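Enquirer: next comes the sequence, and after it the predicted model I'd like to discuss.
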Amino acid sequence: MMKKNHIYLGDCVEIMEREIDKDSINLIYADPPYNLSGKPLNLINNKTGGAFYKMNEDWDTWNYDEYVKFTERWIKKCWDILKPNGSLYISCTHHNLAEIVVEAKRIGFKLNNIITWYKTNAMPSITKRTFTHSTEFVCWFVKGKGWKYNYFQLKEWNPQKTKEGGSKQLRDFIHFIELPIVQGQERVKGLNGRALHPTQKPEKLIELIMMASSDKNDLILDPFFGTGTTGIVASRLERKWIGIESNKKYFDVANKRIFKKIRRNYV
Ligand SMILES: C[S@@+](CC[C@H](N)C(=O)[O-])C[C@H]1O[C@@H](n2cnc3c(N)ncnc32)[C@H](O)[C@@H]1O
């Protein structure tokens with residue numbers, strides 16, 4: 001039987017197929033590999049003594065065709081397990097935005113919005129060859145009609161207020177959210193004091209998504225659970241959740257973070 005408030009260890013395609021009921025999930029938040037590792041940056045006057053990588057993780061290194069096939073496989077499984085009025089939110093950057101949108105549309109999803117996350121503390125343009133990569137995106141897909149969009153709750157939540165301090169129309173907020181890359185107390189750190197996971201997502205970003213497209217007691221699934229940010233936010237907002245993570249180290253970290261409330265010095 002499908003377990004709730006539980007992390008499954010394994011490949012998300014297999015777990016979604018084997019363990020998760022069809023048409024059972026209200027909301028999926030997915031933060032997949034972006035396939036940007038393994039490609040060294042071409043720095044002008046590189047004095048670092050070797051190739052320089054912004055990110056270089058095994059789980060994020062793919063042959064392009066395999067990556068496209070994998071994208072199609074996991075999004076198809078998301079389609080099968082979502083309720084007819086369910087939503088699928090997928091984090092991405094310019095590296096994988098096109099592949100995600102094409103595959104999701106091919107499967108039958110409708111693209112409702114692409115939210116922009118502006119990273120206020122992004123790394124400057126160190127190659128000096130492109131504009132600074134200071135944004136990420138979250139594509140919001142829906143499976144059918146009648147999707148959830150909690151407009152009035154979001155209006156209350158909007159940090160921008162009228163002069164009188166009241167809630168403001170959602171004109172420029174929601175398509176666009178300003179947040180730093182996770183740092184300080186929120187960042188899960190290892191014994192050496194350094195960030196444990198390279199792509200831990202800000203809780204505020206996930207909160208926005210859950211506020212928008214789920215209600216209390218809804219069931220939320222994250223197929224690329226990492227450090228378990230989705231579980232932390234879902235519990236706080238009184239939603240039920242399911243996480244899937246293939247890496248044992250991150251699986252352990254997420255379990256400790258969520259169930260033992262340990263936030264620092266894991267391994
Ligand atoms: C971009 S990170 C997610 C980070 C997460 N949002 C957080 O806040 O910590 C992607 C995660 O997916 C995991 N992963 C990669 N391939 C997977 C697969 N086939 N099934 C399940 N998890 C996978 C990686 O180990 C990595 O932790």
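Expert: Nice, thanks for sending it over.

Enquirer: show me where this structure has helices.
Expert: 12-19, 64-81, 97-107, 151-157, 203-213, 229-236, 248-259 (DSSP state H).

Enquirer: so which bits of the stretch 151-267 of the chain are right by the ligand?
Expert: With Cβ under 6 Å from any ligand atom as the criterion, the stretch 151-267 of the chain comes near the ligand at residues 197, 199-201, 223-224, 226-227, 229, 244-247, 250. Placement of C-beta: from N, CA and C, glycine included.

Enquirer: OK, contacts around the closest residue to E178 other than its chain neighbours?
Expert: Ranked by Cβ to Cβ, 6 or more residues apart in numbering and with sequence neighbours excluded, the top spatial neighbour of E178 is Y118, at 4.9 Å. By Cβ atoms under 8 Å, 6 or more residues apart in numbering, the residues touching Y118 are 134-135, 176-179.

Enquirer: check those residues for the minimum pLDDT and say which it is.
Expert: On pLDDT alone, F176 ranks lowest of the contacts of Y118, at 73.

Enquirer: burial of that residue, as a residue count?
Expert: F176 has 11 neighbours, counted by other Cβ atoms under 10 Å.

Enquirer: which non-adjacent residue is nearest it?
Expert: Excluding its sequence neighbours, the residue lying closest to F176 (Cβ to Cβ, 6+ apart) is T116, at 5.0 Å.

Enquirer: wait, that neighbour touches L179, no?
Expert: No. Proximity of T116 to L179 does not meet the contact threshold set by Cβ atoms under 8 Å, at 10.9 Å.

Enquirer: out of these two, name the residue with the larger neighbour count.
Expert: More crowded of T116 and L179, by other Cβ under 10 Å: L179, with 17 against 13.

Enquirer: on the pLDDT front, check the nearest residue to that one once chain neighbours are set aside for me.
Expert: Once flanking residues are discounted, L179 sits nearest to P202: 4.9 Å by Cβ to Cβ, 6+ apart. Note for P202: predicted pLDDT of 96.

Enquirer: I'd guessed P202 sits against Q183; true?
Expert: No. The pair P202 / Q183 is not scored as a contact, 9.5 Å apart, by Cβ under 8 Å.

Enquirer: quick one on the thing from earlier: now the helices of the chain as a markdown table including distance to K3 and mean neighbour count?
Expert: As requested, these are exported to a markdown table (distance: least, Cβ to Cβ, whole Å; neighbours: other Cβ atoms under 10 Å):
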| stretch | distance to K3 | mean neighbour count |
| --- | --- | --- |
| helix 12-19 | 8 | 18 |
| helix 64-81 | 14 | 17 |
| helix 97-107 | 26 | 17 |
| helix 151-157 | 29 | 13 |
| helix 203-213 | 20 | 21 |
| helix 229-236 | 13 | 23 |
| helix 248-259 | 13 | 19 |
